[in-house]
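S.K.: sequence plus the predicted model coming up.
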Amino acid sequence: MPVPPLRGAAAGGRGHLNLSLLADRCSTLRSLTVVHAAMLVSGRLASDAFAASRLLDAYTAFSPPATVLRLLSSLPYAPNTFMLNTSLRALASSPDPAFALAFFSQLRRSGSTSYSPGRHTFPFLLKASARLPLPVSRQIHPLVLKHGLDRDTYVANGLVRAYSVAGRVRVAQQVFDELPERSTVVYTTMVSGYSQNGRYEESMGAFDDMLDEGFEPGPVVLASVLSACARSESGGLVMGRRVHDIMEQRGMAAPVGVILGTALVDMYAKNGAIDEAVKVFKGMPQRHTATWNALISGLAHHGHGDDVLAMFRQMQREGVPPNATTLVGVLSVYCHTGQLGEARRVFASMEDFGVTPSIQHYGCMVDLLGRSGLLSEAEEMIRGMTCKADTAIWGALLTACKNHGDVDVAERAAQEMLKLDPNNHGVYVVLSNVYADARRWQDVDRLRKVMKGAQLSKIPGSSTVDGCDDG
């Protein structure tokens, strides 16, 4: 982009105003530095706090926080509240949001009379706290109360988001419930907070309340409630269809965009409404890998193995690159249908797709090799994995050993499982059954004594093995 013209910028009055406007309109760092230089040459930066504020605000879009802070500290006068909040915003959005909290603490310690935190301060602090593993929100909340901003929807929205991200949904709900007036934004945050924390029925209930209060749902809240509908154990399909109707009534489904379309496909597929999922999928003018995955995973979960493989072939024909989730769905189908050759081919091609095998991919292969009686190859695959083996994958091998009567591999698999989970009673039970099938009664008796000495006994209904996941 060409550098914006600066003719008349160094002149008085109107030229000075133009510099401030130019700073707002800059779309590259190069053009902004030219405006910055003109402000320095004209003396505008040293005498006009408004111009400095606009320049500082513009720099937050292009520069690291350190650059913003250097500009702030170079001013010959005390920065105003807008400048300080602008700096706070830049720090809150930086790779290390802890600097925002440190900067705020420094301002409070300095006792600056030019700075009073307000409704435009706390959302930035809460945004920073939501990105940190520490429970910082609990320290910011009392300051919000102290400044009488707990019922400000802008600030309260930041509190609801921060508490939701931290998993403290009940506190987020309390903040939400105490608001005398709510907004579309804070409702969206609450619906999303419930959904992201596994409170799916409550997410759908909050969405219902939002509609009852007359708020217009936007794409973000619709995507969030559809995610809840996809995972809810009760009423998800009914609410999901209602959300779809709302989208159609508002012209948001003709045609549907990638994000909402993928959310609809996922909701229908997870609820077993495969025909509706396919209809939405086919009606989308654009589809992302995640869209394909939503349909493939749903098909695999509900036992439509042939359709999964057909979708995978279509995906490849259309040049859509599969990712790790896609390949888990495909391998799980091959696993359940016993197609070892095809599974080998897909597993071997994972690097061609730029996908590093995870424990789920290895789990499908080990399960399939075990079912096929290739126990030594399965053991070799586990020992050569690029990720750490867990009890589930060793358990799949141990069960395969029982089914095929391989005592030697079973003993090694059991040993590895006990290294990971010494108190896993199921390991002894399965290994004892392996010995019994081989008529090695002395080993059966030995294991029973070990279990008795360790006070281990089989828990009814428990299992040591997770089979191949459907994705």
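M.R.: Perfect, thanks for sending it.

S.K.: distance of the nearest residue to P285 once chain neighbours are set aside relative to S227?
M.R.: Among residues not flanking P285 along the chain, P255 sits closest, at 5.0 Å (C-beta to C-beta, 6 or more residues apart in numbering). All C-beta atoms are positioned from the backbone trio N, CA, C, and that covers glycine. P255 is 21 Å from S227, where distance means C-beta to C-beta, to the nearest Å.

S.K.: so between those two, which is more surrounded?
M.R.: S227 (21 against 10; other C-beta atoms under 10 Å).

S.K.: so that one sits against K270, correct?
M.R.: No. Applying C-beta atoms under 8 Å, one finds S227 not in contact with K270, separated by 9.7 Å.

S.K.: tell me the pLDDT at A38?
M.R.: Note on A38: pLDDT of 88.

S.K.: thought it was touching L19?
M.R.: Yes. A38 is within contact range of L19, at 6.0 Å (criterion: C-beta under 8 Å).

S.K.: ok, the two, which is more surrounded?
M.R.: Shown here are A38 and L19; by other C-beta under 10 Å, L19 has more neighbours (23 against 20).

S.K.: the more buried one looks like it's in a strand, true?
M.R.: No. Counting by DSSP: H, G, I helix; E, B strand; the rest coil, L19 falls outside a strand, being helix.

S.K.: that one and S42 touch, don't they?
M.R.: Yes. Using C-beta under 8 Å, L19 makes contact with S42 at a distance of 7.2 Å.

S.K.: list the contacts for F62?
M.R.: By C-beta atoms under 8 Å, 6 or more residues apart in numbering, the residues touching F62 are T28, L29, L32.

S.K.: any idea how far it is from S20?
M.R.: To S20, F62 is 17 Å away according to C-beta to C-beta.

S.K.: just K388 next, same as before
M.R.: With distances taken as C-beta to C-beta, K388 is found 57 Å from S20.

S.K.: compare those two and say which is more crowded by neighbours.
M.R.: S20 (20 against 8).

S.K.: report the contact partners of that one.
M.R.: By C-beta under 8 Å, 6+ apart, S20 lies in contact with F50, A51, R54, L55.

S.K.: can you do 7 Å?
M.R.: Contacts here follow C-beta atoms under 7 Å, 6 or more residues apart in numbering; on that basis S20 touches F50, A51, R54.

S.K.: and which of the residues you listed is nearest V265?
M.R.: Closest approach to V265 among the contacts of S20 (C-beta to C-beta): R54, at 44.7 Å.

S.K.: give me the neighbour count for that closest one.
M.R.: Neighbours around R54, by other C-beta under 10 Å: 21.

S.K.: got it, and Q196?
M.R.: Q196: 16 neighbours (other C-beta under 10 Å).

S.K.: contacting residues for it?
M.R.: Contact partners of Q196, counting by C-beta under 7 Å, 6+ apart, are S164.

S.K.: how close does it sit to L125?
M.R.: Separation of Q196 from L125 (C-beta to C-beta): 21 Å.

S.K.: again, but for N271
M.R.: Distance from N271 to L125, by C-beta to C-beta: 40 Å.

S.K.: now G338
M.R.: 57 Å.

S.K.: higher neighbour count, the two?
M.R.: Just comparing G338 and L125: by other C-beta under 10 Å the higher neighbour count belongs to L125, 28 against 11.

S.K.: what's the closest non-adjacent residue to the more buried one?
M.R.: Using C-beta to C-beta, 6+ apart and skipping the chain neighbours, the partner closest in space to L125 is I140 (5.3 Å).

S.K.: just to be sure, that neighbour is in a helix?
M.R.: Yes. Applying three-state DSSP, one finds I140 inside a helix.

S.K.: for it, what are its contacts?
M.R.: Applying C-beta under 7 Å, 6+ apart, we find I140 in contact with F122, L125, L126, S129.

S.K.: what's near enough to touch the last one?
M.R.: So the one you mean is S129. Contacts for S129 (C-beta under 7 Å, 6+ apart) come out as V136, S137, I140, A162.

S.K.: ranking by neighbours, what's the top pick from these?
M.R.: Most neighbours among those, by other C-beta under 10 Å: A162, with 31 neighbours.

S.K.: just say helix, strand or coil for it.
M.R.: At A162 the chain is in helix, as set by three-state DSSP.

S.K.: residue contacts, it?
M.R.: L126, S129, A130, S137.
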